[in-house]
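Undergrad: Fold the stuff below for me.
(one chain, ligands or ions: 1)
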Amino acid sequence: MAHTFGVDLRGIIDLLSHHLYSSPRVYARELLQNAVDAITARRALQPDAPGEVVIEPADSSADGTLRISDTGIGLTESEVHDLLSTLGRTSKRDELGFARQGFLGQFGVGLLSAFLVAERVRLVSRSAKGGPAVRWSADAAGNYEVEVDDSARAEVGTTIELVPSRDSDHWLGRDVVRALVAEYGELLPVTVRVGDEVLTTDELPWLTDPMGYGARVLGLEPFAAIPVEVPAVGLTGVAYVLPAGVHPGARQSHRVYLKRMLVGEAIEGLLPDWAYFVRCVVDTSSLRPTASRESLYQDETLLIVQEELGRQVRDWLVRLDATDPGRTSALMEAHHLGIKSLARVDEEMLRLVERWLPFETTDGAQSLKQFRRRYGSVLYLPDVDEFRQLAPVAHAQGMGLLNAGYAYDLEVLERLVALDGPGAARRVAPSEVLAALGDPEPEVERALRARLGDAAGVLERHDCEVVPRDFDPASLPALLVTNAEGERRRDVEQAGEEADDPLWAQLLGSLAESAPGAAQRLVLNCRSPLVRRLAELTDPALVELTVESLYVHALLQSRRPMRPKDTAALNRSFLDLLDRAVDNR
Ligand SMILES: Nc1ncnc2c1ncn2[C@@H]1O[C@H](COP(=O)(O)OP(=O)(O)OP(=O)(O)O)[C@@H](O)[C@H]1O
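TA: Presented below is the predicted three-dimensional model:
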């Protein structure tokens with residue numbers, strides 16, 4: 001024997017309220033949507049039919065119920081039985097089950113959302129197709145009654161009445177209803193009134209005053225408003241470029257209308273990730289909403305839209321560059337991360353970055369283009385600290401260096417090389433910068449080396465070898481340079497010192513020993529008066545103290561993290577120097 005499923009309506013309402021919709025507030029949207037759809041259906045039969053929705057909030061009606069009336073197509077008695085009393089039944093799908101063009105609804109569950117705030121829903125309707133007026137009344141337990149009553153209503157259309165459930169009065173009061181209708185329905189193509197107040201506007205506000213509207217919905221003055229459209233999905237709107245201060249990790253949140261009904265104001269996925277500094281406001285006729293109607297279905301079509309909108313923003317950037325260079329440079333500075341990330345794969349964006357984006361260089365902030373013009377090729381260091389350490393030295397020798405230590409810098413420069421050839425940019429090793437430094441006067445070097453015998457213990461303790469050189473600025477006495485291998489060895493050594501397990505410490509120790517030569521080079525500047533005086537010292541203890549102090553100072557300058565051994569050296573040398581200074585008074 002065949003049976004049909006029994007459905008527990010309370011269970012379904014609980015499911016909707018707790019798991020599908022984010023808040024009972026959606027009841028207002030669902031009722032509005034049904035009213036607008038009914039008007040759309042009627043206009044298909046009678047193009048000149050009136051189109052108006054009127055809402056009477058519960059606190060202004062005599063019996064404390066909320067009423068929403070429309071001049072839509074209405075329902076016949078058999079439609080009431082068929083559509084209102086069967087879950088999932090809808091008039092908005094065709095025989096094949098596809099959502100019908102022009103309608104907002106499609107699932108056949110929206111009316112149930114009325115039970116999120118009402119204990120009883122009553123409907124009175126007269127169909128444009130003829131037949132007597134009907135009444136339908138249902139409670140949240142799933143009991144309903146239908147009654148033909150031709151005197152119930154004279155005009156074609158429908159009135160729905162909600163009897164508030166316990167603790168839900170505030171959802172049906174004027175202030176909340178007004179706010180909800182304005183939020184969801186402001187742009188609907190029919191007149192919607194709450195009491196006497198019309199809440200809909202005829203024009204799309206982003207067409208009449210794009211910047212003003214942007215400031216209103218974003219809460220800040222946009223940098224620019226770019227008109228966008230994707231005709232294939234009936235999408236039109238504006239992409240707002242935000243002013244400085246958006247975090248690249250910020251979630252995208254776009255304001256999306258579907259057939260002029262608000263889906264949400266924090267919809268994701270409308271633009272590619274790189275465009276994190278752009279917020280869209282769009283209306284679309286055919287992107288798919290999820291069943292809660294609070295977000296968009298992440299399907300192939302949305303991906304195509306994402307790509308197309310990304311392209312339009314990018315084209316705008318290129319056009320801006322041609323027409324308003326000042327603004328382009330301001331924009332680049334505000335949103336360089338997103339634009340750089342796009343430049344990795346897009347040649348025109350790369351050229352924009354090359355022309356406009358300021359990089360830190362030994363000649364101050366400069367664009368790649370300026371820098372190339374001056375030096376021919378871009379010599380860069382891929383590490384911010386290394387750059388900061390070597391920049392003053394390189395600059396004093398007339399060598400141009402660029403800091404490529406920030407996100408996407410390396411990839412941008414590699415792409416520049418791929419397009420313009422190997423001469424465009426090249427990574428330099430710190431040793432190359434050192435090679436550009438001059439040799440010291442032989443007698444100064446000889447005297448210095450003779451003194452350094454007294455500091456052998458200190459140098460060994462810090463795995464450091466001294467290289468005397470002659471360079472500007474003379475005020476900089478020492479420079480500490482590490483190679484990657486040396487850095488690794490320092491790490492292994494430190495791990496060995498901290499390891500509890502002796503076997504592990506031994507293994508780490510043997511790894512550290514395997515690399516030949518000292519891990520660090522302390523480049524002493526023989527032009528510095530301090531280093532010259534070091535060469536003339538006679539007290540071995542003072543030589544040791546001076547070398548260790550120079551080492552610690554150079555380490556601090558290099559901004560590398562201090563290890564426990566380094567902190568101990570800093571304390572020791574500082575206190576010893578202080579001691580001597582006080583003694584010499
Ligand atoms: N105001 C109204 N005027 C005329 N018919 C209505 C009205 N409200 C609801 N209906 C009918 O009841 C059906 C069920 O409505 P319901 O809101 O549950 O689902 P839907 O609008 O079809 O889809 P969705 O779940 O996506 O909202 C509708 O398809 C429509 O035929």
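
Undergrad: Taking the stretch 151-300 of the chain, what residue is nearest to the ligand?
TA: Per CB to the nearest ligand atom, residue 158 is where the stretch 151-300 of the chain lies closest to the ligand, at 3.9 Å. Quick note: C-beta positions are derived from backbone N, CA and C, even for glycine.

Undergrad: Neighbours of that residue, how many?
TA: 25 (other CB atoms under 10 Å).

Undergrad: pretty sure it contacts residue 72?
TA: Yes: here residue 158 reaches residue 72: they are 6.0 Å apart, a contact under CB atoms under 8 Å.

Undergrad: list residues touching both of those two?
TA: Listed as contacting both residue 158 and residue 72 by CB atoms under 8 Å, 6 or more residues apart in numbering are 35, 38.

Undergrad: now for the helix or strand hosting the residue of the stretch 151-300 of the chain closest to the ligand, which elements pack on it?
TA: Assigned by DSSP states H and E, residue 158 belongs to strand 157-164. Counting contacts by 3 or more CB pairs under 8 Å, 6 or more residues apart in numbering; DSSP states H and E, strand 157-164 packs against helix 26-45, strand 66-70, strand 118-126, helix 169-172.

Undergrad: can you tell which of those is closest to residue 92?
TA: The closest of those to residue 92 is helix 26-45. By CB to CB, the value is 6.4 Å.

Undergrad: could I get stretch 323-340 in CSV with only the CA atoms?
TA: Extracted as CSV, the C-alpha positions of stretch 323-340 are listed here (Å, rounded to 0.1, in the frame of the first residue of the first chain):
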residue,chain,number,x,y,z
THR,A,323,43.5,60.2,-18.0
ASP,A,324,44.4,61.1,-14.4
PRO,A,325,47.9,60.2,-13.4
GLY,A,326,47.7,62.0,-10.0
ARG,A,327,44.7,59.9,-8.9
THR,A,328,46.3,56.7,-10.2
SER,A,329,49.3,57.3,-8.0
ALA,A,330,47.2,58.0,-5.0
LEU,A,331,45.2,54.9,-5.6
MET,A,332,48.3,52.8,-6.0
GLU,A,333,49.6,54.0,-2.7
ALA,A,334,46.3,53.2,-1.0
HIS,A,335,45.9,49.7,-2.3
HIS,A,336,49.3,48.6,-3.5
LEU,A,337,48.9,45.0,-2.2
GLY,A,338,45.9,44.1,-4.3
ILE,A,339,47.3,45.8,-7.4
LYS,A,340,50.7,44.2,-6.9
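
Undergrad: worst-scoring helix or strand of the chain, pLDDT-wise?
TA: Least confident helix or strand, the chain: helix 502-513 with a mean of 54, by mean pLDDT, DSSP states H and E.

Undergrad: ok, residues contacting the helix or strand just after that helix?
TA: Sequence-wise, the next helix or strand downstream of helix 502-513 (DSSP H and E) is strand 520-525. Residues from elsewhere that reach strand 520-525 (CB under 8 Å, 6+ apart): 434, 437, 448, 459, 462-471, 474, 476-482, 486, 490, 531, 534, 547, 550-551, 554.

Undergrad: Out of those residues, list just those in strands.
TA: With strands taken from DSSP state E, the overlap with the contacts of strand 520-525 comprises 464, 465, 466, 467, 468, 469, 478, 479, 480, 481, 482.

Undergrad: Okay, the second one and residue 218: tell me how far apart.
TA: I take that to be residue 465. In this view, residue 465 and residue 218 are 58 Å apart by CB to CB, to the nearest Å.

Undergrad: Around the ligand, which positions in this protein sit nearby?
TA: Within the chain, the residues that sit near the ligand (CB under 6 Å from any ligand atom) are 30, 33-35, 38, 70, 72-75, 83-84, 90-92, 105-111, 158.

Undergrad: hmm, which of these are the buried ones?
TA: Burial by neighbour count, judged by 16 or more other CB atoms under 10 Å, picks out 30, 33-35, 38, 70, 72-75, 83-84, 90-92, 105-106, 108-111, 158 from these.

Undergrad: I'd like the distance between residue 412 and residue 373.
TA: Counting by CB to CB - residue 412 and residue 373 are separated by 18 Å.

Undergrad: Pull the number of nearby residues for residue 40.
TA: Each residue near residue 40 was counted by other CB under 10 Å, and the total is 21.

Undergrad: now the one 5 residues further on
TA: Here the neighbour count serves as a burial measure; for residue 45 (other CB under 10 Å) it reads 10.

Undergrad: how about the strands in the stretch 51-200 of the chain?
TA: 52-56, 66-70, 118-126, 134-139, 144-148, 157-164, 191-194, 197-198 (DSSP state E, counting those that start in this stretch).

Undergrad: Of those, flag the one that's most buried.
TA: Across the strands of the stretch 51-200 of the chain, averaging neighbours per residue (mean count of other CB atoms under 10 Å) puts strand 66-70 on top, at a mean of 24.

Undergrad: That one: how far from the chain's middle?
TA: Averaged C-alpha coordinates place strand 66-70 at 41 Å from its chain's average position (CA atoms, centre = their mean, to the nearest Å).

Undergrad: Stretch 16-23 now?
TA: A distance of 27 Å separates the centroid of the chain from that of stretch 16-23, by CA atoms, centre = their mean.

Undergrad: that older thread, okay if I get the helices and strands packed on strand 157-164 as CSV plus mean pLDDT?
TA: Listed next are the helices and strands packed on strand 157-164 as CSV, based on pLDDT from 0 to 100:
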stretch, mean pLDDT
helix 26-45, 95
strand 66-70, 98
strand 118-126, 96
helix 169-172, 95
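
Undergrad: Which residue ranges of the stretch 251-400 of the chain form helices?
TA: With DSSP state H, counting those that start in this stretch as the criterion, the stretch 251-400 of the chain has helices at 300-323, 325-334, 336-343, 347-356, 368-375, 384-396.

Undergrad: hey, which of those is tucked in deepest?
TA: Of all the helices of the stretch 251-400 of the chain, helix 336-343 has the most neighbours on average by mean count of other CB under 10 Å, namely a mean of 22.

Undergrad: now that helix and helix 347-356, what's the angle there?
TA: 140 degrees (axes from the mean of the first three to the mean of the last three CA atoms, to 10 degrees).

Undergrad: what's helix 336-343 in contact with?
TA: 248, 273-277, 314, 317, 331-332, 349-350, 352-353, 357, 407-409, 412, 415.

Undergrad: My understanding was that residue 291 contacts residue 21; is that so?
TA: No: applying CB under 8 Å as the test, residue 291 and residue 21 come out as separate, 9.4 Å apart.

Undergrad: Per-residue pLDDT of residue 161, please?
TA: Note on residue 161: pLDDT of 97.

Undergrad: Specify the beta-bridge partners of the closest residue in space to it that isn't next to it in sequence.
TA: Using CB to CB, 6 or more residues apart in numbering and skipping residues adjacent in sequence, the residue nearest residue 161 is residue 122, 4.3 Å away. Counting by DSSP bridges, residue 122 is bridged to residue 137, residue 161.
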